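Enquirer: here is my input, please return the structure:
(one chain, ligands or ions: 2)
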Amino acid sequence: MSFDSLDLHKSILKAVKQQGYQQPSPIQEQAIPVVLKGHDLMAAAQTGTGKTAGFTLPILHRLQQGKPARANQVRALILTPTRELAAQIQDNIQQYGKHLSLRSHAVFGGVKINPQMMRLRKGTDILVATPGRLLDLHNQNAVRFDQLEVLVLDEADRMLDMGFIHDMKRILKLLPAKRQTLMFSATFSNDVRKLAKQFLQQPKEISVTPKDTAATTVAQTIHTVDKANKAKLLTFLIKEHKWNQVLVFVRTKHGADKLVKHLIAAKIRTAAIHGNKSQSARTKALTGFKSGSLQVLVATDIAARGIDINELPQVVNFDLPHVPEDYVHRIGRTGRAGLSGDAVSLVSADETKQLRDIERLIGKAITRVEVEGYEADHVVPISSAKPAKPGTRKPKKKKVDAPQGRSRTKKNAKKKTQTRNSQSNSNNRKRKPAPTDGAGRRRRSDTKKVRAA
Ligand code: ADP
Ligand code: MG
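Expert: Residues are numbered from 1 along each chain as shown. Ligands and ions are numbered 1, 2, ... in the order given. From the prediction side, this is the model:
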C-alpha cells in the first residue's frame, strides 16, 4: 500500500514524502482510514511503528477543512504523560503539517506559563499538552474547548493509570461530549481497556499483533548478576562493546544520580534525566544524548514512553521496572522504524518477581547470558513464561528449575546461554566471546571482593 491511496490532503502527502517515508506502517494503514471516517478508536501497535503519524495525519487532514480556531480555542487536543513527549509530538506535527497553515503548540509544566498563555490567545488548531499544565492554563482562562473536535490520548494506558486518572477525569469534564476520541499505546491491559471504553463512543479497535510487545526488531537479553555488581558490570559492558549511545533505565531518581556518579568516575560521558531535574537540565540531557555529545543517558521511566531517538542502538535496564508494561516501553526506545536494536537487562535475585511478570506479559522467556567475572552468586530462578490469557487467573507459581547459574563451577565457567526452552528463544543471539585482559587471557573474576559489600 502507498500513502497516496490513503485519502489525505496532497500537502500532507508531500510532507510525508519529504520525511522519507516510503509506505504507511501497518498501524498507519489501519488507523488512518478509521480516524478519517470520524470514529472513536482504541489502537494498539508495537513501539516505534509510527503511531504518531497514525493519528496526526488524519487530524491534520480533518482540521485543514474546517474553520480555524477562534481566540483561546483549541480544535484538537493531544495529551501525553511527559513534557519531552509533548515537545516531540509538536515537532512531528510541524513536520507533517508544514505545507498547511494550521497553528499548533505544545504546553507543559516546568517552564514559564506566561509565554504559553500568550501563544494560546490567537487560537490553536492542535494543542499538545501534559495534563497538569493544561488544567492550570484552563484555570487561568487561557484555553477553552468549545470548538474542540478531537481528543487524543497518546500512551493511553499510562494516561488512564493512577498517576493521571484524576487530572484526566477533570479534563474530560471540560470537553464537549460530542467529539472524536482516540487512544493509542503499545500496551493495553484488560483493565485499562474496560476503563478506556467509558470515555469512548462505539469505538473501533485495532490491534497490530503481537500485542503488548516492543517491536520485533529489538533483541532482548538478560545478564543475571548480583545487585552489588551491577554498576561495575554496566561499566564493563559499555567499554567492552564500545557502546557509544546507550540509554540506561533505573527505577529511582536517587539510583539514577548514583549511577551517573559511578559512570562519570569511569570517564564515561553521562547525564541523567528524571523528575527532580529542572526542565532545562532535562532538555539539555536529552538533546546532548541525541546529538552524541553524551554517551550514556541514565533515565527513570520518565523517558520510557514515546521518546523517539533516531537510530538509538542500545537500551539497558539497570534494574527492572515494577510494572511489566514499562519494560516493553523502555526497550521500545530502540529498534524503531524497522531498524534493529538491542536491549540488555541486568537482573539480580531480588528482581525474580518482576522478571516473571515481564516474561508472562511478553509471552516468552528472555535469553539469559552470563558475563564471565560477573556471574550471580544469588540465583535468579527461571520463571514460567506462559502468557497470561485474558480473564484467566494468574497461574500458580511453578516450581523453579534447578538453579542453573549455581551448578557451574568457576573453573569451567564460560558464557553460557540459559534458556528454558529453545522455541521461546528464536531470537537467541550469540554474544561476543568472554572478555579478555588484552593479552588474550580470560579476565580474572574480581567479583568475590565486592560481594560481601
Ligand atoms: P510509536 O509512536 O509507534 O512508538 P513513532 O510515531 O514515534 O512510533 O515513530 C517511530 C519512528 O518511525 C519515528 O522516527 C518516525 O519518524 C518513523 N516513522 C513513522 N512512520 C513511518 C513510515 N511510514 N515510514 C518510515 N518511518 C516512519
Ligand atoms: Mg508514540
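
Enquirer: which non-adjacent residue is nearest Thr334?
Expert: Gly341 (2.9 Å; Cβ to Cβ, 6 or more residues apart in numbering). (C-beta placed from N, C-alpha, C; glycine too.)

Enquirer: next one: Ser340
Expert: In space, Ser340 is closest to Thr217, 4.9 Å off (Cβ to Cβ, 6+ apart).

Enquirer: before we move on, back to that, state the distance from the residue nearest to Thr334 to ligand 2.
Expert: Shown here: Gly341 relative to ligand 2, a distance of 15 Å by Cβ to the ion, to the nearest Å.

Enquirer: secondary structure element holding Gln94?
Expert: helix 83-96 (DSSP states H and E).

Enquirer: so where is the stretch 301-450 of the chain shaky, pLDDT-wise?
Expert: By pLDDT under 70, the low-scoring segments of the stretch 301-450 of the chain are 384-450.

Enquirer: can you name the residue of the stretch 151-300 of the chain nearest to ligand 2?
Expert: Across the stretch 151-300 of the chain, the shortest distance to ligand 2 (Cβ to the ion) belongs to Asp154, at 5.7 Å.

Enquirer: kindly report the same for the stretch 201-350 of the chain.
Expert: Residue nearest to ligand 2 within the stretch 201-350 of the chain: Gly306 (4.2 Å; Cβ to the ion).

Enquirer: quick check: Leu175 touching Val152?
Expert: No - using Cβ atoms under 8 Å, Leu175 makes no contact with Val152, being 11.8 Å away.

Enquirer: more neighbours: those two, which one.
Expert: More crowded of Leu175 and Val152, by other Cβ atoms under 10 Å: Val152, with 25 against 16.

Enquirer: could you pull up the mean pLDDT of the helix or strand hosting that one?
Expert: Using DSSP H and E, the element containing Val152 is strand 150-154. Averaged across strand 150-154, the pLDDT comes to 98.

Enquirer: ok, and what's touching whatever helix or strand comes next after that strand?
Expert: Remark: after strand 150-154, the chain's next helix or strand is helix 156-159, criterion DSSP H and E. Applying Cβ atoms under 8 Å, 6 or more residues apart in numbering, the external contacts of helix 156-159 come out as 42, 79-81, 131, 153, 164, 168, 183-185, 187-189, 192, 196, 305, 325.

Enquirer: which parts of the helix holding Gln94 are buried?
Expert: Along helix 83-96, the positions that meet the burial threshold by neighbour count (16 or more other Cβ atoms under 10 Å) are 83-86, 88-90, 92-93, 96.

Enquirer: remind me what that helix packs against, helices and strands.
Expert: Counting by 3 or more Cβ pairs under 8 Å, 6 or more residues apart in numbering; DSSP states H and E, the packing neighbours recorded for helix 83-96 are helix 10-18, helix 51-65, strand 104-107, strand 124-129, helix 279-291.

Enquirer: and Val298, what is it in contact with?
Expert: Counting by Cβ under 8 Å, 6+ apart, Val298 touches 248, 250, 256, 259-260, 263, 270-273, 318.

Enquirer: restricted to strands, list these.
Expert: If you go by DSSP state E, those have 248, 270-273 in strands.
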